[in-house]
Each structure stands twice: as structure tokens, then as C-alpha cells.
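>>> What shape does this take:
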Amino acid sequence: MSQKQDPNFSVAHQGFDRDLLLAVVETIIPSGHLERAMPAASDLTEFRSLASEEALVVYGPLLDWIEASDQARGSVPFVSLERDQRETILREIEEERPDLIKGAVFQTLIRYYGADEVAEGLGLEARAPHPGGYSLKETDWALLDPVKQMDPLYRKADGPGDES
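Numbers count the residues shown, from 1 in each chain. Down below sits the predicted model:
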């Protein structure tokens, strides 16, 4: 019995290579960035336990491109390279396909800075903003007076019972 393949992803990615994903996100956000003892993106549960299906949707096209470039170069696989060599490869891909890199960087940043360990490393309380909320500096509400005094920027709609 043949297995149905997802047409959006290569055959190579039907098995999903988590090590490749972790090498990519670690290259994007290595440990110790920001001159702090911050974890690498690859150290976080957000990436280590990311569902394969979600990882393929988010990172699949980039992972396919990396694997294809590995095969074209016929050299050491991306995951076996030093971080600076991996960064060079990602920059080369960015020149050809900036959309692949921008999407991966965006998704990596969102997941990374949403992690509790990272919030705590930045000196923030790792919790949802509500129900406790955060204290905000009191503002001068009089700054809104000119806006409140403006005429409406909309036309009143005719409703039931309104006659023109």
C-alpha cells in the first residue's frame, strides 16, 4: 500500500529532521546573545517539542532548501557545520530567497521571546499579562482633549425611523 505524500513538502521532509530544525534556530539565536547567559533557541522546549506538522508548515520550505543546497555542494551536512559556517549558508540563502529566511527568523523570534526561560533571563516575570496586569506610568489624559474636540470623521448612518 502506498503512503500518500503531502505535495507541499519534499519526500525528504516527510520524516522531518528535528536536528536540522534545531541547527537552524540555534544559528538564528545562539546561546549567550545580548551579553547575558541566555539560552540558545535550540535549548528551548518550544523548539524541541514543536509538533512535526507545525514545524513543517513554518520551517519546511527553508529546511528543504538547506537540504537541497547540502546535496548540491556535496559537502558536510548543515547540522555538522560550525555556527559561523551555518550562518554563512543562511545568509547565502537569504540573498536568493529572502522570504524563507524572514519567515524563519520571525517565527523563531516569536517563539523564543515567548518562552518563560527567556522572559526570566531578561528580568521579566514569566506570566501572562492578565489577570495581574502590569503597572503603567500614569499619563496626562489632557493630551487627548484636542482629539475629543474634533468633529466626527464619519457620516451618521440612517437607521430605522430616520427620515431624510
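>>> Regarding this protein, what is its longest helix?
Assignment by DSSP state H gives helix 52-73 as the longest helix of the chain.
>>> Tell me the helix or strand right after that helix.
Sequence-wise, the next helix or strand downstream of helix 52-73 (DSSP states H and E) is helix 83-96.
>>> ok and that next one relative to helix 52-73, angle-wise?
With axes from the mean of the first three to the mean of the last three C-alpha atoms, to 10 degrees defining the directions, helix 83-96 sits at 90 degrees from helix 52-73.
>>> Could you pull out the buried residues of helix 83-96?
For helix 83-96, burial by neighbour count (16 or more other C-beta atoms under 10 Å) applies to 86, 89, 90, 93. In short, each C-beta sits where N, CA and C put it, glycine included.
>>> Would you confirm that the first one contacts residue 25?
It stands for residue 86. No - at 10.8 Å, residue 86 does not count as touching residue 25 under the criterion of C-beta atoms under 8 Å.
>>> So which residue is dead centre in the chain?
Residue closest to the mean C-alpha point of the chain, counted by C-alpha atoms, centre = their mean, is residue 107 at 1.1 Å.
>>> wait, doesn't that one sit right on residue 61?
No - counting by C-beta under 8 Å, residue 61 is not a contact partner of residue 107; they are 11.8 Å apart.
>>> got any residues that touch both of these two?
Overlap between the contact sets of residue 107 and residue 61, as judged by C-beta atoms under 8 Å, 6 or more residues apart in numbering, is nil.
>>> so where's the chain uncertain?
Scanning the chain with the threshold set as pLDDT under 70 gives 1-15, 33-36, 129, 161-164.
>>> That one: helices as residue ranges?
Going by DSSP H, the chain shows helices at 18-28, 45-48, 52-73, 83-96, 98-113, 116-121, 145-148.
>>> Mind putting those helices into TSV with distance to residue 133?
Shown next, in TSV, are the helices of the chain (distance: least, C-beta to C-beta, whole Å):
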stretch	distance to residue 133
helix 18-28	31
helix 45-48	25
helix 52-73	30
helix 83-96	39
helix 98-113	20
helix 116-121	16
helix 145-148	25
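>>> and residue 138, which of the ones you listed is closest to it?
Residue 138 lies closest, by C-beta to C-beta, to one member of the helices of the chain: helix 145-148, at 16.6 Å.
>>> So what's the gap between the closest one and the chain middle?
With C-alpha atoms, centre = their mean, to the nearest Å as the basis, helix 145-148 stands 38 Å off its chain's centre.
>>> Same check on stretch 128-137?
The answer for stretch 128-137 is 24 Å, by C-alpha atoms, centre = their mean.
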